[in-house]
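Chemist: quick one: sequence plus predicted model below, questions after.
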Number of protein chains: 2
Amino acid sequence: MKFLTGVNKKETLEISQLITGDYTGKTVKVNGTVHSIRDMGTIAFIVLRKREGLLQCVYEETAADFDLKQLKEEAAVSVEGTAAESAKAPGGVEIRLTGITVLSIPSEPLPIPVSKWKMNTSLETSLNLRPVSLRNIRERAKFRIQEGIVKGFRNYLYEQGFTEIHTPKIGSRGAEGGANIFKLDYFHRPAVLAQSPQFYKQMMVGVFERVFETGPVFRAEKHNTKRHLNEYTSLDFEMGYIDGFEDIMAMETGVLQNIMKTLITDYGKELEILRITLPEVRQIPAVRFDEAKRLVSEKYNRPIKNPYDLEPEEEQLIGQYMKEEYDSDFVFVTHYPSKKRPFYAMDDPEDKTYTLSFDCLYKGMEITTGGQRIHDYKMLKEKLAARGMTEEGMEAYMMAFRHGMPPHGGLGIGLERLTMKLAGEENVRETTLFPRDLGRLEP
Amino acid sequence: MKFLTGVNKKETLEISQLITGDYTGKTVKVNGTVHSIRDMGTIAFIVLRKREGLLQCVYEETAADFDLKQLKEEAAVSVEGTAAESAKAPGGVEIRLTGITVLSIPSEPLPIPVSKWKMNTSLETSLNLRPVSLRNIRERAKFRIQEGIVKGFRNYLYEQGFTEIHTPKIGSRGAEGGANIFKLDYFHRPAVLAQSPQFYKQMMVGVFERVFETGPVFRAEKHNTKRHLNEYTSLDFEMGYIDGFEDIMAMETGVLQNIMKTLITDYGKELEILRITLPEVRQIPAVRFDEAKRLVSEKYNRPIKNPYDLEPEEEQLIGQYMKEEYDSDFVFVTHYPSKKRPFYAMDDPEDKTYTLSFDCLYKGMEITTGGQRIHDYKMLKEKLAARGMTEEGMEAYMMAFRHGMPPHGGLGIGLERLTMKLAGEENVRETTLFPRDLGRLEP
């Protein structure tokens, strides 16, 4: 009988091993994808793309037992050679090749210049060619940053006593209501795709007190803008025993601080590739919705059109205001009007026109919606009745409240939007591996 | 302007603080849910349910400024009292109450005895009452174990140089093919829910070399068994530059080892609550599909009915065999018949009737399917043609191969099944927060 005992050390080396280990002058083996070939005549530079970055290999006909003409860009290879210090090579190390083994050879050359620093293709082309356009070093770096955001989010919440949950994406009714729900047939019964894990995470506050989920949500919105996706990744948390909705904003501040810390610690390479300067998150200003509108109206000479709505341009100006006045890229806008919030939002007892809720804006764009929720069964029933809503399809949700729920609240962060703003992109599709929008169902 | 600076220390204490800190004789504040009230006449025991466990509070009419009759089970409260050592209390600490503040009071008593160690309700009832039945200490512990599994999976793969990805769940065609696909309308275009992230994770091998995803997958299977769900959480990874499909099994062995380590380190409380003895994963036997069939046929005197299929009973016997012969709860069954595997599976060059693929069985049940994939464009096209399949809807997938892909492979682990087997449960619904099956779309 054969046995598997775990991962065995491979003969092939990774870039970090080459850089930190003492391999100079030694024969090494490395695998990777041929990112580019620069043939100078007597010698050639073959740059390998590996998961940790690029590695320069030097080919000399006399030294290497291999015909360069048989090599193609995007071939997967295993190379052997002598490690050498080289100030000009990325990472300060290069491989002087003695042999190349081709593991896999492409059938056709790339349709776009993936190995260039900037590909200069349109977003449309880049998205159509996603399986290969993402092979570009800058493109893939954005998604490493995205990984760091998720890691920073999760690790902070683990530390803060949250439990990670996995809630169903197929259900009988959407949590947010409205028309923007994808419908499907579930064994001859009408079903919908979850617009958010809202109902489930709230119910789970009664079980675990603090929960989070990082998963897909689905919005059949007919918006075709730079900041809307029809499927996106939502970083959700919900926490019980709050003293007020400030506790939720405080937790988000902690989350954001830990995300920046994680990126600095573990993703320095990618920050450098993308030339990202991380925002300062020492303190985040919080301003009331109505006050924010007044402030930007006064400062930027812009009349308030609708006192109960925030236009994208106003959001941008609030961001600008906070940057100018308090040097902050983030701002919490609090006390959103009740009629702009779902039924489960807790109204402000001091003025029921407003809610104990907030949005977090980052560089003038909403990346988070959150707030305190109604936890009292009777209050919840009254709110539903006042809105003319029925409890149909919400029996389980109502059950949780009927049998007692602690004061609680939470939020949802749009992962792709936060990545976009961090990476300095203008379109959320740039920071989505495979975006889904009105026109795009593929790739 | 107000500012948020992060999470402030609260006055209220958590159980771990009470146990490890020196609070004996001191006045403390704690919040939690009233799990049970045991009224003994002159004194009463009020057990609070907190996220870290149960906390015993002792109420004496003379000492506490509160009328016990106003308290109900499942009320959310904040209590004040003196911390005291108590050998009989869980954690060795109890609170002698001086005051209780009710934060929220339920409207109706619980329909099931949540505070009992075992509720003795049917699975059907438990599932119908999920928002409250999960409040039971044993019920919720299962999902803490589930969290530990995911954490162990992710952390191991981060260490091994994998990148976490988020791939779309709505697409134009299913990766696994067949009839078991949920269909939906996507802005008047036919769309499907992802049966697995298979195509996407493979394409991303060309970008990141090693990727993983933990997310929902959807199978419109009409099975109504104890081990099938129509939506479940799949722990997927895919890795490039493998020397053979043994590398994938080696990686899974490492993952499983790290899961057990994580559970021992961080989830000792839950292992104890559920009386789980973790399996030994020092080494996992690997046996060929045909050999496994032969072995159990001989040992258990069971004729082989179909040489190209593995019945659930046979899987169970293979599990039994490996336990008896090698004291292993896990086994890799390798070289599954080609016709039982999807088109992308790499056939064994030595015998194309079989594939370089495997299932991992845990206590006789499949928890993982994995293997090496075809990475050569021409071979892939040939396999599709041989199966009479078209490339329609797979243009992006084919693009990745046309432009070069390294040798690679990967696997998917069913999270709920693994949790079920670890927790010693018989039905996968027991270890799913909100299961979706043929009959269940709610809660």
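Modeler: Noted; the coordinates are in hand.

Chemist: give the contact list for residue A:406.
Modeler: A:205-206, A:209, A:240-241, A:375, B:31, B:33, B:76, B:103-104 (CB atoms under 8 Å, 6 or more residues apart in numbering or on different chains). Quick note: C-beta positions are derived from backbone N, CA and C, even for glycine.

Chemist: what's the nearest residue to it if we skip its chain neighbours?
Modeler: Counting by CB to CB, 6 or more residues apart in numbering or on different chains, residue A:406 lies nearest to residue B:76, which is 3.6 Å off, once chain neighbours are set aside.

Chemist: can you list the weak-confidence ranges in chain A?
Modeler: Applying pLDDT under 70 to chain A flags residues A:175.

Chemist: re earlier: these two touch, right, the residue nearest to residue A:406 and residue A:241?
Modeler: Yes. Taking CB atoms under 8 Å as the contact criterion, residue B:76 and residue A:241 are neighbours in contact, 7.1 Å apart.

Chemist: can you map out the helices along the stretch 301-443 of chain A?
Modeler: All helices of the stretch 301-443 of chain A, identified by DSSP state H, counting those that start in this stretch, fall at A:312-326, A:377-386, A:395-402, A:415-423.

Chemist: an error on my part: the question was meant for the stretch 1-150 of chain A.
Modeler: Taking DSSP H, counting those that start in this stretch to define them, one finds helices in the stretch 1-150 of chain A at A:15-20, A:123-128, A:130-133, A:137-159.

Chemist: just put those helices in CSV and tack on distance to chain B and mean neighbour count.
Modeler: Output for the helices of the stretch 1-150 of chain A, formatted as CSV (distance: least, CB to the nearest CB, whole Å; neighbours: other CB atoms under 10 Å in any protein chain shown):
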stretch, distance to chain B, mean neighbour count
helix A:15-20, 9, 16
helix A:123-128, 8, 16
helix A:130-133, 4, 24
helix A:137-159, 5, 21
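
Chemist: just put the ones you listed in TSV and tack on distance to residue B:350.
Modeler: Supplementary listing: the helices of the stretch 1-150 of chain A in TSV, determined by distance: least, CB to CB, whole Å:
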stretch	distance to residue B:350
helix A:15-20	34
helix A:123-128	40
helix A:130-133	31
helix A:137-159	36
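
Chemist: relative to residue A:167, which of these is closest?
Modeler: When these are ranked by distance to residue A:167, counting by CB to CB, first place goes to helix A:137-159 at 15.7 Å.

Chemist: against residue B:400, how distant is residue A:132?
Modeler: Look at residue A:132 and residue B:400: by CB to CB, to the nearest Å, they are 7 Å apart.

Chemist: what sits in contact with each of the two?
Modeler: The contact sets of residue A:132 and residue B:400 overlap at residue B:206 (CB under 8 Å, 6+ apart).

Chemist: is residue A:250 in a helix, a strand, or coil?
Modeler: Local secondary structure at residue A:250 is given as helix here, using DSSP: H, G, I helix; E, B strand; the rest coil.

Chemist: closest approach to chain B from the stretch 251-400 of chain A, which residue is it?
Modeler: When scored by CB to the nearest CB, the stretch 251-400 of chain A has residue A:396 as its residue closest to chain B, at 2.9 Å.

Chemist: can you count the residues close to that residue?
Modeler: Neighbouring residues of residue A:396 were enumerated by other CB atoms under 10 Å in any protein chain shown; the total is 20.

Chemist: tell me which residues touch it, please.
Modeler: By CB under 8 Å, 6+ apart, the contact list for residue A:396 reads A:199, A:203, B:130-131, B:442-443.

Chemist: what about it, distance to residue B:430?
Modeler: 18 Å.

Chemist: same question for residue A:345.
Modeler: For residue A:345, the distance to residue B:430 equals 34 Å [CB to CB].

Chemist: again, but for residue A:76
Modeler: Relative to residue B:430, and taking CB to CB, residue A:76 is found at 44 Å.

Chemist: which one's more surrounded, those two?
Modeler: When neighbours are counted by other CB under 10 Å, residue A:76 comes out ahead of the other of residue A:76 and residue B:430, with 27 against 19.

Chemist: partners of the more buried one in the sheet?
Modeler: Residues found in beta-bridge contact with residue A:76 (criterion: DSSP bridges) are residue A:33, residue A:104.

Chemist: not counting its neighbours along the chain, what's nearest residue A:111?
Modeler: Residue A:111's closest residue in space is residue A:129 (CB to CB, 6+ apart), at 6.1 Å.

Chemist: so the one you found sits right up against residue A:113, yeah?
Modeler: No. Using CB under 8 Å, residue A:129 and residue A:113 do not qualify as a contacting pair, with a distance of 11.3 Å.

Chemist: against residue B:92, how distant is the residue nearest to residue A:157 when sequence neighbours are not counted?
Modeler: Excluding its sequence neighbours, the residue lying closest to residue A:157 (CB to CB, 6+ apart) is residue A:212, at 4.8 Å. Shown here: residue A:212 relative to residue B:92, a distance of 30 Å by CB to CB.

Chemist: so these two - more neighbours on which side?
Modeler: Regarding residue A:212 and residue B:92, a neighbour count based on other CB under 10 Å identifies residue A:212 as having more, with 25 against 12.

Chemist: hmm, who's touching stretch A:299-310?
Modeler: With contacts defined as CB under 8 Å, 6+ apart, stretch A:299-310 is touched by A:289-290, A:292-294, A:296-297, A:311, A:314, A:317-318, A:320-321, A:333, A:337, A:339-340, A:359.

Chemist: repeat that with 6 Å
Modeler: Contact with stretch A:299-310 is made by A:293, A:297, A:317, A:337, as judged by CB atoms under 6 Å, 6 or more residues apart in numbering or on different chains.
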